[in-house]
Each structure stands twice: as structure tokens, then as C-alpha cells.
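[1] my questions concern the predicted model and sequence given below.
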Amino acid sequence: MTNKIFMLMTFIGVPLSVIGSLMHWPTMILFIIYCLSIVALASYMGRATESLAIVAGPRIGGLLNATFGNAVELIISIFSLKAGLIGVVLASLTGSVIGNLLLVAGLSFFVGGLKFKRQLFNVHDARHNSGLLMFAIIVAFVIPEIFSMNMNETKTLSLSVGISIILIALYLAALFFKLVTHRGVYQTEESETAAENGHHEEPEWGKGKSILILLLSTLAVAYISENLVHTFHYVAEAFGWTELFIGVIIVAIVGNAAEHASAIVMAYKNKMDIAVEIAVGSTLQIAMFVAPVLVLLSLLFEKKMPLVFTLPELITMVTSVLLMVVISNDGESNWFEGLTLLAAYIIMGIGFYLL
């Protein structure tokens with residue numbers, strides 16, 4: 001029944017999004033249509049991810065979902081870079097990091113925890129990801145902030161470019177480590193049981209169809225998201241929102257809506273390895289691939305983007321990483337831990353709203 005509702009929303013919402021943008025319908029109506037269409041498309045991305053996870057395993061399924069989901073944000077950010085909106089791009093990157101670690105993981109733990117008292121995921125993956133998170137956010141993002149205080153713009157940009165190249169290289173090495181050289185080495189009993197159950201479970205779609213649906217859904221979400229960005233200023237004025245709040249909270253939530261929905265659905269079905277891989281894997285991809293790529297791409301535009309965030313952005317990201325590391329390092333979750341992450345996200349959201 002739910003799938004039929006989302007199918008109806010997709011086949012009505014996507015054409016209306018195209019027609020509405022071409023015919024310049026009222027902005028508030030377009031805002032609502034765009035948001036509902038993205039939510040409907042997110043359901044398809046979630047179902048495709050689940051099918052891929054059954055066929056190819058939770059790591060690859062989660063990685064593909066995060067990659068297609070972050071492709072939307074990368075596209076939006078490139079358009080924003082071209083327009084010279086460096087502040088909005090950095091704010092949306094911040095929003096993605098805290099959104100994935102606190103909102104997505106928090107909702108996944110909370111929703112899954114309401115159904116299952118104790119949910120387990122691969123503790124070795126959790127600890128491996130913790131080290132990468134600490135490196136990507138606390139080392140690679142804090143150092144440019146500290147060193148830039150005693151540097152001019154040219155040197156700060158050179159430092160940012162150097163760090164970006166190292167981040168991309170390390171991210172690719174991390175993928176090679178997880179998917180090739182050490183694939184299955186750190187498998188827990190729970191993960192093996194889940195894998196065995198997954199082999200008995202029939203995927204809704206085959207591998208080819210799942211990847212095709214993910215690709216088409218991503219393209220549709222990218223088109224709608226780009227149009228949605230243009231409605232933010234009107235909506236911001238209507239609700240009294242600041243540009244920083246839009247970048248950190250609104251753009252980040254909408255840009256990552258697809259993977260948000262997928263992670264929560266996986267947690268509800270007690271497929272925590274996939275849910276955690278989507279939430280944390282997406283954060284790592286944002287910090288170690290998307291952000292560095294945007295720094296390098298900005299060299300092609302008139303206004304360059306150094307990897308230097310504002311102090312509130314930096315502190316919220318570091319706090320999110322430390323909280324997620326402490327909560328996830330034992331390889332298990334419950335609804336209260338999810339609620340703790342959500343409470344932290346709400347506190348930060350209030351702060352950015354009032355800033």
C-alpha cells in the first residue's frame with residue numbers, strides 16, 4: 001500500500017515539478033511539490049538499496065546509496081560555487097556532516113530501537129569508521145582553520161588544495177581496504193548471520209534494475225533539488241530564516257533526503273549494518289571526497305573556496321563526530337542513544353536558527 005502511494009506521488013509529483021518550474025507557479029506551491037517529490041523518489045532509492053544489499057552485501061549497498069545521494073548535493077554545490085555562494089556551500093557541507101551523524105543515525109537508532117530493544121552492527125567497521133571520522137573532521141578540517149589565522153588567502157588556498165588531494169587519496173585507499181584487501185576479514189557473528197539471512201531473502205529487483213532505478217531517481221532528485229534551491233530565499237523571507245540556517249539545516253536535509261529515508265527503513269527492518277554504512281559512510285564521503293572535490297573544482301571558477309569553515313560550523317562538526325564515536329564504538333544501539341543524537345541535532349539547529 002505504501003509503495004503504491006509513493007509510486008503515485010512520484011508519477012504525479014515529478015511531472016508537476018517540471019511543468020510548475022516551466023510555467024512559474026507560485027513559489028510556496030512549488031516548494032511543497034518539490035519536497036513531496038523528493039520524499040517519493042527517496043522511497044525508490046531505499047528499495048533499490050535494499051535489493052542491492054541483498055545481492056551485493058551491506059557495504060556495497062550502503063556505499064552506492066550514499067554515493068548516489070551525495071551526487072545530488074555535489075551537483076547543487078557546483079551550481080552554488082559557479083554562482084559564487086561559497087558560504088552556502090560550506091554551510092551545506094556542515095549540515096550534511098551533522099545531519100548524517102546526528103539526524104540520520106539518530107532517527108535510525110531511535111526508530112529501530114522502538115521495534116527492537118537491542119540492535120547490533122559490525123563493531124570493527126564502527127571503529128574503522130571512527131578513526132576516519134576523527135581524521136577527516138578533526139585533523140583535516142581543524143588544521144586549515146588554525147593555520148589560516150597566520151596566512152594570506154593564497155597560502156590558505158594552497159594548504160586547502162594540498163589537504164584536499166590527501167583526503168581524496170586516503171578515501172580511495174579506505175574503499176580499497178574495505179572492499180578489496182580486507183573484505184570479510186572483520187566479519188562478526190551477527191554480520192555473518194545477517195548475511196546468511198540475506199542470501200535466503202529474495203531481492204525485490206535484480207542488480208541491473210536496482211542500479212538503473214538508483215541512477216534515474218538520482219537524476220530526478222538532482223533536477224528537482226536544483227529548482228528547490230531557488231525557492232529557499234522566498235521561503236526564508238516568509239518564515240524569517242537566515243542564509244546560514246538554510247545552508248546548514250534546510251539544504252542539507254533536502255539534498256540528502258533519499259539516503260535519510262533509506263537508512264531509517266533499513267534500521268526499522270533491523271538491517272543495522274546497512275543503516276550505519278549509509279549514515280557514517282555518507283559523512284565520510286562528504287568530508288573526504290565531496291568537500292575536497294569542491295575545493296579543487298572551485299579553482300576553475302572566479303571565486304575560489306578554501307577548506308575553512310566558520311567557528312560554529314567547525315565546533316558543531318567536531319562535537320557530532322565525538323558524540324557519534326562514543327555512542328557507536330560498542331557496535332550496538334538502542335532508542336535512547338538515537339534520542340541522544342537527535343537532541344544534539346535539535347540543539348545545534350536552534351543555535352544556527354538564532355545565530
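    Arrived safely, thanks for sending.

[2] shaky segments in the stretch 251-355 of the chain?
    Scanning the stretch 251-355 of the chain for pLDDT under 70 picks out 255-259.

[3] mind listing the helices for it?
    Under the criterion DSSP state H, counting those that start in this stretch, the stretch 251-355 of the chain contains helices at 252-255, 257-268, 272-285, 291-297, 311-328, 335-354.

[4] show me what counts as buried in the longest one.
    Taking 16 or more other CB atoms under 10 Å as the neighbour-count basis, helix 335-354 is seen to contain the buried residues W335, E337, G338, T340, L341, L342, A344, Y345, M348, G349, F352. From N, CA and C alone the C-beta is placed, and that goes for glycine too.

[5] how about a markdown table for these, with distance to R127 added?
    As requested, the buried residues of helix 335-354 are exported to a markdown table (distance: CB to CB, whole Å):
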| residue | distance to R127 |
| --- | --- |
| W335 | 23 |
| E337 | 16 |
| G338 | 20 |
| T340 | 20 |
| L341 | 18 |
| L342 | 23 |
| A344 | 21 |
| Y345 | 23 |
| M348 | 25 |
| G349 | 29 |
| F352 | 30 |
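
[6] and which of these is nearest to I33?
    Nearest to I33 among those is G349, at 24.6 Å by CB to CB.

[7] how far away is the closest one from N150?
    The span separating G349 from N150 equals 33 Å under the rule CB to CB, to the nearest Å.

[8] identify the farthest-apart pair in the buried residues of helix 335-354.
    With distances taken as CB to CB, the most widely separated pair in the buried residues of helix 335-354 is W335 and F352, at 25.8 Å.

[9] got a list of contacts for stretch 315-332?
    Defining contact as CB atoms under 8 Å, 6 or more residues apart in numbering, one finds that stretch 315-332 is touched by 94, 97-98, 101-102, 105, 109, 118-124, 126-127, 129-130, 133-134, 137-138, 141-142, 188, 276, 280, 309, 333, 337, 340-341, 344, 348, 351-352.

[10] what of stretch 91-101?
    With CB under 8 Å, 6+ apart as the contact definition, stretch 91-101 has outside contacts at 70, 73, 76-77, 80, 133, 137, 243-244, 246-249, 251-253, 255-256, 259-260, 279-280, 282-283, 286-287, 290-291, 294, 309, 313, 316-317, 320-321, 323-324, 341, 345, 348.

[11] try stretch 41-49
    Residues from elsewhere that reach stretch 41-49 (CB under 8 Å, 6+ apart): 2-3, 6, 10, 14, 61-62, 64-65, 68-69, 204-205, 210-211, 213-214, 217-218, 220-221, 224, 257-262, 265-266, 274, 278.

[12] check stretch 261-279 too.
    Counting by CB under 8 Å, 6+ apart, the neighbours of stretch 261-279 from elsewhere in the structure are 39, 42-43, 45-46, 49-50, 53, 58-59, 61-63, 65-66, 69, 100-101, 104-105, 107-109, 111-112, 115-116, 119-122, 125-126, 129, 191, 194, 259, 328, 333.
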